[in-house]
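Q: What follows is a protein structure lacking sequence information:
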């Protein structure tokens, strides 16, 4: 939970240990979410267990914990599809090993054959040797959960 605590502290602008509606909205936007004012208000009300009009870290952690089971909620699906299409050079709906290697090199992160093989192995759950969009989305969501420190929360 430490990365999430750091994110919380970054958006706790006045350092009072709680997030106002404005601070909560900024935090959600930083995660790629686009809530309306009404959605932020409803979310804050739902998370505000002690009824003080703000969200403390423990309240936020309790609200986010169920998302670990629904990892895809942490990733903007439209943005993910756009990234997937950039990797899928031939447009066949699958990212092959050469496409992944090329995409990684273009981002300035060239990878070895061993790293490439391991990346494909981790993402390719159906064993067809390529990465489908659903496999890509699942591995990206898992990465988001690990980055936020939510696994096992």
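A: The structure has been received and is ready for your questions. Computed from a predicted model, the values in this text were never measured in an experiment. Numbers count the residues shown, from 1 in each chain.
Q: what does the model give the residue nearest to residue 17 when sequence neighbours are not counted for pLDDT?
A: Closest residue to residue 17 apart from its sequence neighbours, by Cβ to Cβ, 6 or more residues apart in numbering: residue 56 at 6.2 Å. All C-beta atoms are positioned from the backbone trio N, CA, C, and that covers glycine. Per-residue pLDDT puts residue 56 at 94.
Q: can you pull the contacts of residue 131?
A: 94-95, 100, 120, 123-124, 139 (Cβ atoms under 8 Å, 6 or more residues apart in numbering).
Q: and the end-to-end length of stretch 85-100?
A: End-to-end distance of stretch 85-100: 11 Å, with Cα to Cα, to the nearest Å as the criterion.
Q: Buried residues, that stretch. List them.
A: By 16 or more other Cβ atoms under 10 Å, the buried positions in stretch 85-100 come out as 87-88, 94-97, 99-100.
Q: any idea of the mean pLDDT for it?
A: Averaged across stretch 85-100, the pLDDT comes to 93.
Q: Quick one: name whatever helix or strand follows the helix or strand hosting residue 25.
A: Element membership of residue 25, judged by DSSP states H and E, is helix 21-30. Using DSSP H and E, the next helix or strand after helix 21-30 towards the C-terminus is helix 37-47.
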